[in-house]
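Colleague: Quick check, what structure comes out for this input:
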Amino acid sequence: MIEALRGRDIRTVFHLLRQFAGASQTQLAIACGTTQGKISEIMKEGGRQVLALEVFERIADGLGMPDVARMTLGLAPHTVTSSAASAAVITGRDQPTGLPSAFLGSLDGDPDVEEGDPLRRRSFAKLAAASMFSAILADSPGDGAPLQGVEAFAAALGGYPGISEPDLAALSLGRLNIAVANAKRSYQDCRYSTVVDSLPQLLADLRHACAVHEGDDRLQVEALSAEAHHVAASILLKLDQEGLALVAADRSMRAARNSQDLFTIGSSARIVTHTLMNDGHHGAATQIASTYAERIDHETQERTPDFLSVYGALLLRGAVAAGQSADRSTASALLDEAQDAGRRLGGDYNHRWTAFGPTNVQLHRVNVALLLGDAGAALQEARVVDLDRVPLTERKVALLMDTSRALTQWGKHEKAYDVLRVAHQLAPEEISARPAVHRILRDQAATAPPSIKRQLREFTTEIGVQL
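Modeller: Numbers count the residues shown, from 1 in each chain. Now for the predicted structure:
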């Protein structure tokens with residue numbers, strides 16, 4: 001650690017904190033008032049280097065470096081005490097020095113780490129439960145922090161024994177029903193951090209519950225497990241974790257089949273289609289969506305709202321996959337079938353957590369037109385959508401992002417930027433946390449005129465996204 005601080009090698013500092021104090025990238029981001037993505041970039045081999053003096057100060061403050069560490073890094077101590085004087089001896093310096101002039105030229109550039117809320121940085125001490133630097137420099141690392149974020153999902157999907165085993169009360173059908181519903185609702189409200197925090201433990205609870213319950217109760221738990229793994233796959237796709245998403249989608253389908261409920265199977269087929277599509281298997285995704293839509297159509301006698309919703313949602317997923325493979329005729333046919341299902345449903349609902357209805361079909365027409373390269377057609381479709389009729393935040397933001405992309409393709413950069421700001425107001429986490437949205441922001445900044453580019457840079461700096 002002392003060598004890393006002397007060399008101002010923040011990459012190694014972060015790696016040592018992860019190795020010996022159990023600090024996750026998320027915890028480091030909270031401490032330094034930045035995003036997990038930026039911490040990841042710094043920690044990558046050959047990744048971003050921290051050069052600005054103010055950034056070193058923020059990292060030192062956020063991590064609560066004692067004066068001995070601050071002075072080794074070349075920063076002034078908070079208090080001039082005997083311990084600070086001894087630090088000068090440790091570092092081999094007569095007095096604390098600032099950064100060499102080679103670093104000073106970077107001060108006018110964009111900082112690597114935003115200032116953030118001091119309360120968020122101070123809360124890191126509670127998360128780590130001890131001073132990380134004190135632990136490392138004293139050669140007495142603790143037990144490590146609990147797994148968080150994507151790592152927690154990986155552990156839960158792998159049946160990692162570190163996920164705590166619940167008591168029987170936590171495995172009751174009533175409690176599990178509520179927990180799965182809350183996870184679904186949080187996802188549809190774009191409260192992704194809430195889902196990431198709670199879902200890995202819920203997946204473990206459901207695994208234990210499947211081993212405890214029998215008979216009809218077991219079938220219900222399997223259906224809940226299918227829905228929970230569906231959410232897990234969806235959130236992992238949002239985070240660009242395609243490999244883990246495929247595992248979660250497969251678990252969702254396995255549980256759905258075990259539940260023996262046709263509509264649960266159809267719903268899980270949607271997320272299997274989505275993961276295959278995101279992994280570039282567009283033909284397979286289209287075929288799976290169409291096949292399962294045909295299956296539930298043939299095996300269901302009554303055209304109930306649940307049937308129409310799952311059936312229509314499968315058709316929409318297949319249409320998007322066809323659009324991604326430039327299969328215009330198949331995409332059009334599936335959209336028309338879905339529109340008929342929406343008409344028979346008679347309104348915009350959220351049966352079986354599908355958000356299916358006539359308006360959702362219209363949203364998918366916008367998306368498919370954009371995928372096919374028809375920005376003008378996408379905008380024409382978007383103009384007839386009444387945003388107030390879109391029932392879910394996640395669906396509203398998807399429409400706004402598609403509209404912004406279409407406006408960018410048409411060269412309407414100012415309007416595209418305005419739509420982005422509206423999307424961020426509706427769902428901050430959808431814009432600030434998703435790598436796919438970050439790529440859209442970079443694409444827009446690359447083609448925008450200077451005035452809009454400046455606004456985009458200010459906006460992304462404000463929300464902690466690096467262009």
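Colleague: Please report how far Ala256 lies from Asp216.
Modeller: Going from Ala256 to Asp216 by Cβ to Cβ, to the nearest Å gives 16 Å. C-beta coordinates here come from the backbone N, C-alpha and C atoms, glycine included.
Colleague: which of these two has more neighbours?
Modeller: Ala256 (27 against 9; other Cβ atoms under 10 Å).
Colleague: can you tell me how far that one sits from Asp279?
Modeller: Taking Cβ to Cβ, one finds Ala256 at 20 Å from Asp279.
Colleague: Over to Gln455?
Modeller: Gln455 is 35 Å from Asp279, by Cβ to Cβ.
Colleague: same thing with Ala69?
Modeller: For Ala69, the distance to Asp279 - Cβ to Cβ - is 44 Å.
Colleague: Same drill for the two, tell me which one is more crowded.
Modeller: Ala69 (23 against 15).
Colleague: buried stuff in stretch 376-388?
Modeller: Judged by neighbour count (16 or more other Cβ atoms under 10 Å), stretch 376-388 contains these buried residues: 377-379, 381-382, 385.
Colleague: Residues contacting it, please?
Modeller: 359, 362-363, 365-367, 369-370, 396, 399, 402-403, 406-407, 410 (Cβ atoms under 8 Å, 6 or more residues apart in numbering).
Colleague: Looking at that stretch now, give me its mean pLDDT.
Modeller: The predicted model assigns stretch 376-388 a mean pLDDT of 92.
Colleague: just stretch 25-45 next, same as before
Modeller: 81.
Colleague: what does stretch 52-62 give?
Modeller: 83.
Colleague: What residues sit buried inside it?
Modeller: Quick answer for stretch 52-62 (16+ other Cβ under 10 Å): 52-53, 55-56, 58-62.
Colleague: what's the answer for stretch 455-467, then?
Modeller: 455-456, 459-460, 464-466.
Colleague: same question, stretch 277-296
Modeller: For stretch 277-296, by 16+ other Cβ under 10 Å, it's 277-278, 281-283, 285-290, 292-293, 295-296.
Colleague: Secondary structure element holding Ser225?
Modeller: For Ser225, the element it lies in under DSSP states H and E is helix 215-238.
Colleague: What is the next helix or strand after that helix packed up against?
Modeller: Next in sequence after helix 215-238, counting helices and strands by DSSP H and E, comes helix 242-259. Helices and strands touching helix 242-259, as assessed by 3 or more Cβ pairs under 8 Å, 6 or more residues apart in numbering; DSSP states H and E, comprise helix 149-157, helix 215-238, helix 262-278.
Colleague: which residues are in contact with helix 242-259?
Modeller: By Cβ under 8 Å, 6+ apart, the list of residues contacting helix 242-259 reads 150, 153-154, 157, 210, 219-220, 222-223, 225-227, 229-230, 232-234, 236-237, 264-265, 267-269, 271-272, 274-276, 278-279.
Colleague: same thing with stretch 419-427?
Modeller: By Cβ under 8 Å, 6+ apart, the list of residues contacting stretch 419-427 reads 189-190, 393-394, 396-397, 400-401, 403-404, 407, 430-432, 441, 444, 459, 463.
Colleague: can you do 7 Å?
Modeller: Contacts to stretch 419-427, defined as Cβ atoms under 7 Å, 6 or more residues apart in numbering, come from residues 190, 393, 396-397, 400-401, 403-404, 407, 430-431, 459, 463.
Colleague: Reformat these as a markdown table; add distance to Tyr417.
Modeller: Converted to a markdown table, the contacts of stretch 419-427 look like this (distance: Cβ to Cβ, whole Å):
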| residue | distance to Tyr417 |
| --- | --- |
| Cys190 | 20 |
| Thr393 | 21 |
| Lys396 | 18 |
| Val397 | 15 |
| Leu400 | 12 |
| Met401 | 13 |
| Thr403 | 12 |
| Ser404 | 8 |
| Leu407 | 9 |
| Glu430 | 16 |
| Ile431 | 12 |
| Phe459 | 8 |
| Ile463 | 13 |
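Colleague: Now the buried members of the residues you listed.
Modeller: Buried among these by 16+ other Cβ under 10 Å: 190, 393, 396-397, 400-401, 403-404, 407, 430-431, 459.
Colleague: does the residue lying closest to Pro391 once chain neighbours are set aside sit in a helix, a strand or a coil?
Modeller: Spatially, and ignoring its direct neighbours in sequence, Pro391 is nearest to Asp348 (5.3 Å; Cβ to Cβ, 6 or more residues apart in numbering). For Asp348, the assignment made with DSSP: H, G, I helix; E, B strand; the rest coil gives coil.
Colleague: Verify the stated contact: Asp348 with Val361.
Modeller: No. Counting by Cβ atoms under 7 Å, Asp348 stays clear of Val361, with 9.6 Å between them.
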